[in-house]
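> Pasting a predicted model and its sequence here:
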Amino acid sequence: MPTYSERLRDPRWQKKRLEIMQRDGFACTLCQDERATLNVHHCYYEQDRDPWDYPDTSLLTLCQPCHEKETHFLKVMKRGLAIELGKLGARSVHYYELAMAFARLDPKRLDQAVWFVGFFLTDTDFQGKFFRELDLARPADAQEVPPCPPTA
């Protein structure tokens with residue numbers, strides 16, 4: 001079986017990659033940089049799935065700096081979410097129910113889901129560790145729950 005690096009050189013991935021970059025106007029979808037080296041970011045991975053076999057909606061054009069930050073952020077969030085859910089006594093059935101709730105969401109409501117998860121973790125000690133690990137300034141209102149974003 002080819003390595004992941006080898007699969008990224010496959011013509012099927014190169015075609016898909018260009019389609020995604022073209023869809024995104026050959027600019028980073030986070031900072032709109034058009035000059036930096038661009039990458040196509042997978043929002044998730046599934047074992048033994050080829051890079052070109054993901055839906056377009058799960059692929060984003062990101063510049064190299066934003067891609068590195070996004071990759072790191074996702075790792076930190078996944079680990080932090082798992083820890084906090086574990087502290088609450090979550091068992092496999094709870095993870096399953098959470099996954100099913102997300103699967104039922106209308107993609108237009110994804111911002112609400114992200115808001116919910118972000119503020120579900122309101123433990124201030126966790127927030128402090130979270131922001132330090134991401135090397136971000138902690139927002140002054142980190143303990144305040146903002147209004148839920150409107151649906152599109």
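Yep, it's here.

> Secondary structure element holding residue 33?
Secondary structure from DSSP states H and E places residue 33 outside every helix and strand.

> which one is it nearest to, not counting chain neighbours?
residue 63 (4.5 Å; Cβ to Cβ, 6 or more residues apart in numbering). Where you see a C-beta, it was placed from the backbone N, CA and C, and this is true even at glycine.

> domains for the chain, by residue range?
The chain breaks down into these domains under automatic domain parsing: 4-63, 69-133.

> Am I right that residue 54 is in contact with residue 41?
No. Residue 54 is beyond contact range of residue 41, at 10.6 Å (criterion: Cβ atoms under 8 Å).

> show me the contacts for the nearest residue to residue 34 once chain neighbours are set aside.
Using Cβ to Cβ, 6+ apart and skipping residues adjacent in sequence, the residue nearest residue 34 is residue 27, 4.5 Å away. Shown in contact with residue 27 (Cβ atoms under 8 Å, 6 or more residues apart in numbering): 33-34, 38, 61.

> now do residue 12
Applying Cβ under 8 Å, 6+ apart, we find residue 12 in contact with 50, 52.

> Going by mean pLDDT, which of the domains of the chain comes out lowest?
Note on the domains of the chain: domain 69-133 shows the lowest mean pLDDT, a mean of 65.

> which stretches of the chain form strands?
Counting by DSSP state E, the segments of the chain that form strands are 38-42, 59-63.

> Could you dump those into JSON lines and include distance to residue 16?
Listed next are the strands of the chain as JSON lines, based on distance: least, Cβ to Cβ, whole Å:
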{"stretch": "strand 38-42", "distance to residue 16": "8"}
{"stretch": "strand 59-63", "distance to residue 16": "8"}
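
> For residue 91, which of those is the nearest?
Nearest to residue 91 among the strands of the chain is strand 38-42 (28.6 Å), distances taken as Cβ to Cβ.

> Which positions within that closest one qualify as buried?
In terms of neighbour count (16 or more other Cβ atoms under 10 Å), strand 38-42 has its buried residues at 38-41.

> Turn these into JSON lines, including distance to residue 7.
Formatted as JSON lines, these follow (distance: Cβ to Cβ, whole Å):
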{"residue": "38", "distance to residue 7": "19"}
{"residue": "39", "distance to residue 7": "15"}
{"residue": "40", "distance to residue 7": "13"}
{"residue": "41", "distance to residue 7": "16"}
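
> For residue 13, state which of the residues you listed is nearest.
For those, the minimum distance to residue 13 (Cβ to Cβ) is 8.7 Å, reached by residue 40.
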